[in-house]
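Chemist: Next one to model:
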Amino acid sequence: MNNEWKAIERTPFVVTVDSLVEDFRRLGIRPGMTLLVHSSLSAIGWVNGGPVAVVQALMEAVTEDGTLVMPTHSGEYSDPAKWQNPPVPEAWWDTIRATMPAFDPAVAPTRGMGRIVEAFRTFPGVIRSSHPALSFAAWGKLAHQVTDAHGLDFGLGERSPLARIYELDGSVLLIGVGHDSNTSLHLAENRAVRRTQRTEYAPILENGQRVWKAFQEIQFQTELFEEIGRAFEADRPVVTGAVGVAECRLFRQRDAVDFAAAWLDREGRMDSL
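Modeler: Sure thing, here's the model as predicted:
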């Protein structure tokens, strides 16, 4: 049985753009909000119009006076020596490094981000940041402010769209996904006292020429995020509700980042790798 059959069986009603907008309003999403969304289309159930309908509903909910943001990461723009899912033969590495096309935010597909994100990045008026592996896309009033000047080093840190959302006191919406998908917690990792750095590589354009560029990144510890999320939800305000048949959470990004940074410092586990 394919995923669409399963979605139909789990969905007792037709999910439409209008019903999604109603669900978003019920959660507390309002015109003018800056909203960072992480999502699973399959969790919502059977949606008439699929990922396009979800994007249209989110845009209608925040309106052009608001700003809609999604992570559009593309992890294949990286050193093949570190690939795990799947790995490639070591004999291929040098060829891959020498021939991989430079990252182009206009055409590079996302990887492992889901169908809603992949649809969103192609919508008219959506702007994508320039980081080869950890880009974000945004639409609405402050899209340029969120995505411009995305630094290459520490791509989820102080020169990232996550930090711009923090400055704007934006909100995070998790649609059918857990805190292991909550990229704002990576901003907290960057702000924690204890952290481990690593060197990454990606093909980018510099002065019109493709270069294999080194940059600095922290060692992410996404495996801690569900534990952090449970502690966060027990301590700070989080609105829960359904979008379609998906369990959703809505909260201030600042609350999550501040809580997680303090948690990481207190637990003292950032230097354990």
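Chemist: what are the ranges of the strands in the stretch 151-273 of the chain?
Modeler: Listed in chain order, the strands of the stretch 151-273 of the chain (DSSP state E, counting those that start in this stretch) span residues 171-175, 197-206, 209-218, 239-243, 246-252.
Chemist: For the fourth one, which helices and strands make contact with it?
Modeler: Secondary-structure packing of strand 239-243 (3 or more Cβ pairs under 8 Å, 6 or more residues apart in numbering; DSSP states H and E): helix 17-27, strand 246-252. From N, CA and C alone the C-beta is placed, and that goes for glycine too.
Chemist: Repeat that for the second one.
Modeler: Using 3+ Cβ pairs under 8 Å, 6+ apart as the contact definition, the elements that strand 197-206 packs against are strand 209-218.
Chemist: contacting residues around the strand it packs on?
Modeler: The set of residues external to strand 209-218 that reach it, using Cβ atoms under 8 Å, 6 or more residues apart in numbering, is 97-98, 101-102, 152-155, 157, 189-190, 195-206.
Chemist: so residue 253 touches residue 38, yeah?
Modeler: No: Residue 253 lies out of contact with residue 38 (Cβ atoms under 8 Å); the separation is 11.6 Å.
Chemist: what do those two both touch?
Modeler: Here residue 253 and residue 38 have residue 172 as joint contacts, going by Cβ under 8 Å, 6+ apart.
Chemist: what's near enough to touch the residue nearest to residue 61 when sequence neighbours are not counted?
Modeler: Taking Cβ to Cβ, 6 or more residues apart in numbering, and ignoring the residues beside it in sequence, residue 61 has residue 24 as its nearest neighbour in space, at 4.1 Å. Applying Cβ under 8 Å, 6+ apart, one finds that residue 24 lies in contact with 57, 58, 61, 243.
Chemist: Just those: which are in strands?
Modeler: For those, membership in strands holds for residue 243, with DSSP state E as the criterion.
Chemist: between the contacts of residue 24, which has the most around it?
Modeler: Compared across the contacts of residue 24, residue 243 has the highest neighbour count, 28 neighbours, by other Cβ atoms under 10 Å.
Chemist: residues in contact with residue 132?
Modeler: 74, 77, 78, 103, 108, 152, 202, 203, 204.
Chemist: can I assume the fifth one is in contact with residue 77?
Modeler: When you say that, I think you mean residue 108. Yes: between residue 108 and residue 77 a contact is recorded at 7.0 Å, counting by Cβ under 8 Å.
Chemist: Look at these two and report which has more neighbours.
Modeler: The residue with more neighbours, out of residue 108 and residue 77, is residue 77; 23 against 19, by other Cβ under 10 Å.
Chemist: That one is in what secondary structure piece?
Modeler: Using DSSP states H and E, residue 77 is not contained in any helix or strand.
Chemist: Please look at it and residue 202 and confirm they touch.
Modeler: Yes: in terms of Cβ under 8 Å, residue 77 counts as a neighbour of residue 202; the distance is 4.7 Å.
Chemist: which phi and psi does the residue most central in space within the chain have?
Modeler: For the chain, the residue sitting closest to the mean C-alpha position, by Cα atoms, centre = their mean, is residue 71 at 3.0 Å. Torsion angles at residue 71 (phi, psi; degrees, to the nearest 10) stand at phi -70, psi 130.
Chemist: Please apply the same query to the one 5 residues further on.
Modeler: Backbone dihedrals for residue 76, given as degrees, to the nearest 10, come out at phi -70, psi -20.
Chemist: From residue 75, how far out is the residue lying closest to it once chain neighbours are set aside?
Modeler: Ranked by Cβ to Cβ, 6+ apart and with sequence neighbours excluded, the top spatial neighbour of residue 76 is residue 111, at 5.5 Å. Distance check for residue 111 against residue 75: by Cβ to Cβ, to the nearest Å, it reads 5 Å.
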